[in-house]
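In: sequence and computational prediction follow.
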Amino acid sequence: MGNSQFIVNERVYGKTATGEVVKEFTLKNANNIEVKFITYGGAITSIMVPDKHGHFENVVLGFSTLEQYENDPGARPYFGALIGRYANRIAGKFCLDGKEYALALNETPNCLHGGLVGFDKRIWQAEILQQSDEQVSVRLSLESKDGDQGFPGNLSVRVIYSLNNNNEFTMHYQAQTDKTTVVNLTNHSYINLAGEGNGSIEHHRLQLFSSHYTPVDKNMIPTGEIAPVANTPMDFRQSTHIGRHIRDDFDQLFKAIGYDHNWVVDGYPNESARPAAELYDEKSGRKLDLFTTLPGMQVYTGNALKGNLKGYSGKAYRQCEGIAFEPQYYPDSPNHANFPSTVLKPNELFDEKTIYRFSVVA
Ligand code: BGC
């Protein structure tokens, strides 16, 4: 299917171990930027963008088969996946309206990225939306039952992936519940602007529009402090090579084995998406500008990638092979009254957006 500007294709990607069909969608714009994703976890498997010589490469980490996405290698990488109900960590339980909810623990004592069977392990329904001259879109949807992984309320989730001719890829998240609950949705794509499998992102320049971050304890749970980044290796307010301070003598970097923290994105709340990050690879000239409506963003340097996973083009992935930007509410917000609230009530709409804008600096 396609008009003069856009192409959207749908095909069968594979069948899960239990025989369920997984589809793959391809969105392509007039500049030949191409995004592929699958209905398993709504995972983005490839984003093809040109370098300064017009050479296209896939700039996200991923696998090449459904079997690899389905396999649980222990420390799950969540490549490109949609994450819910609660992205990032909750310290095992939380209280809501005087009632305690105990969650499925997949990183004892924490519930990480939604629990044992998070939205990354679910098959999403997909529908191509009517095309316009502005953009091409596919809507993914999922129903999560009351009690799923310990969370209250039947939750209906929709994520619309869209691509336009300004080379912007938008992820639009919406959710509704029938009982008061907590929600935190994100996508877990790892970016490498030199091309997936082409080595470390330590030489990429990163700018974060954040004056503060949330330090963590030994379990990677926020201490509750909102700490200034000034005079620490967490300060990316000026564009800085990612590897410049990653080995500094700084307690937070030892705890996380690199960067794996929530930055407080300046300017919240704001109706429209505001700048959160700018990532630039001088060698290829590829640049990514990231905008979001969300209050925070986890930045993760793939610290758990140990070379035992064979990536999309067959190469082993190691730490710093990609950088994950996870725009989201802060980790463990249900247990921190001073953090922006993740509570969603019946008749309310969870409605957030993240935008990747790709460009080339010659
Ligand atoms: C977390 C990491 C975790 C990773 C799993 C990230 O969002 O912050 O601590 O290891 O996801 O891939």
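Out: On my side now, so go ahead.
In: Asn9 against Thr26, yeah?
Out: Yes: taking Cβ atoms under 8 Å as the definition, Asn9 is a contact partner of Thr26 at 4.3 Å. Quick note: C-beta positions are derived from backbone N, CA and C, even for glycine.
In: which one of those two is surrounded by more residues?
Out: It is Thr26, of Asn9 and Thr26, that has more neighbours when counted by other Cβ atoms under 10 Å, with 19 against 14.
In: partner residues bridging the more buried one?
Out: Asn9, Lys36 (DSSP bridges).
In: which bits of this protein sit near the ligand?
Out: For the chain, the contact set with the ligand under Cβ under 6 Å from any ligand atom comprises 76-78, 220, 260, 298, 300, 304, 326.
In: take these and keep only those in strands.
Out: 260, 298, 300, 326 (DSSP state E).
In: list the contacts for the closest residue to the second one other than its chain neighbours?
Out: The shortest distance from Gln298 to any residue other than its chain neighbours is 4.0 Å, reached at Glu326 (Cβ to Cβ, 6 or more residues apart in numbering). Contact criterion Cβ atoms under 8 Å, 6 or more residues apart in numbering gives 83, 87-88, 186-188, 297-300 as the residues in contact with Glu326.
In: tell me how many other residues crowd the closest residue in space to Ala17 that isn't next to it in sequence.
Out: Once flanking residues are discounted, Ala17 sits nearest to Glu70: 6.1 Å by Cβ to Cβ, 6+ apart. As a burial measure, Glu70 scores 16 neighbours (other Cβ under 10 Å).
In: cool, and Tyr173?
Out: Residues contacting Tyr173 under the criterion other Cβ under 10 Å number 24.
In: so for stretch 295-314, mean pLDDT?
Out: For stretch 295-314, the mean pLDDT works out to 95.
In: could you do stretch 195-215 as well?
Out: For stretch 195-215, the mean pLDDT works out to 98.
In: and what of stretch 317-336?
Out: Mean predicted confidence for stretch 317-336 is 98.
In: flag every buried residue along it.
Out: 317, 319-336 (16 or more other Cβ atoms under 10 Å).
In: can you tell me the helix or strand for the nearest residue to Thr177 once chain neighbours are set aside?
Out: Spatially, and ignoring its direct neighbours in sequence, Thr177 is nearest to Gly153 (3.9 Å; Cβ to Cβ, 6+ apart). Applying DSSP states H and E as the criterion places Gly153 outside every helix and strand.
In: which residues touch Gly153?
Out: Contacts for Gly153 (Cβ under 8 Å, 6+ apart) come out as 146, 177-181, 344, 346.
In: which element is Tyr69 on?
Out: helix 66-70.
In: circling back: which one of the ones in strands among the residues of the chain next to the ligand is nearest to Glu57?
Out: Of all those, Tyr300 has the smallest distance to Glu57: 21.6 Å, by Cβ to Cβ.
In: bridging residues for the nearest residue to that closest one once chain neighbours are set aside?
Out: Computed as Cβ to Cβ, 6+ apart, the closest residue to Tyr300 that is not its neighbour in sequence is Ala324, at 4.2 Å. Assessed by DSSP bridges, Ala324 has beta-bridge partners Tyr190, Tyr300.
In: for Ala324, what are its contacts?
Out: Contacts of Ala324 (Cβ under 8 Å, 6+ apart): 188-191, 298-302.
In: residue with max distance from the center of this protein?
Out: Distance from the centre of the chain peaks at Gly98, with 31.4 Å (Cα atoms, centre = their mean).
In: report the separation between it and the ligand.
Out: 30 Å (Cβ to the nearest ligand atom, to the nearest Å).
In: kindly report the same for Leu279.
Out: Leu279 is 17 Å from the ligand, by Cβ to the nearest ligand atom.
In: which SS class is the closest residue to that residue other than its chain neighbours?
Out: With Cβ to Cβ, 6+ apart as the criterion, Leu279 has its nearest non-adjacent residue at 4.5 Å, and that residue is Leu288. Put simply, Leu288 is strand when judged by DSSP: H, G, I helix; E, B strand; the rest coil.
In: OK, contacts around Leu288?
Out: 59, 191, 193, 277-280, 356-358.
In: so which of those residues sit within strands?
Out: 191, 277-280, 356-358.
In: if you rank those residues by neighbours, which is first?
Out: Neighbour counts for the ones in strands among the contacts of Leu288 (other Cβ under 10 Å) peak at Tyr356, which has 26 neighbours.
In: nearest residue to that residue in space, please, no chain neighbours.
Out: Nearest non-adjacent residue to Tyr356 (Cβ to Cβ, 6+ apart): Phe169, at 4.6 Å.
In: ok, now His212?
Out: Counting by Cβ to Cβ, 6+ apart, Val264 is the residue found nearest to His212 once chain neighbours are left out, at 4.2 Å.
In: shouldn't that neighbour be in contact with Ser210?
Out: Yes: counting by Cβ under 8 Å, Val264 touches Ser210, with 5.6 Å between them.
In: can you show me the helices along this structure?
Out: Along the chain, the segments classed as helices by DSSP state H run 66-70, 251-256.
In: return the last one as CSV; C-alpha atoms alone will do.
Out: Output of helix 251-256 as CSV, limited to C-alpha atoms (Å, rounded to 0.1, in the frame of the first residue of the first chain):
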residue,chain,number,x,y,z
ASP,A,251,29.6,6.2,42.8
GLN,A,252,26.5,6.3,40.5
LEU,A,253,28.5,5.0,37.6
PHE,A,254,29.9,2.1,39.6
LYS,A,255,26.4,1.2,40.8
ALA,A,256,25.0,1.1,37.3
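In: touching it from outside, list them.
Out: Contact with helix 251-256 is made by 215-218, 220, 232-234, 245-247, 259, 261, 303, as judged by Cβ under 8 Å, 6+ apart.
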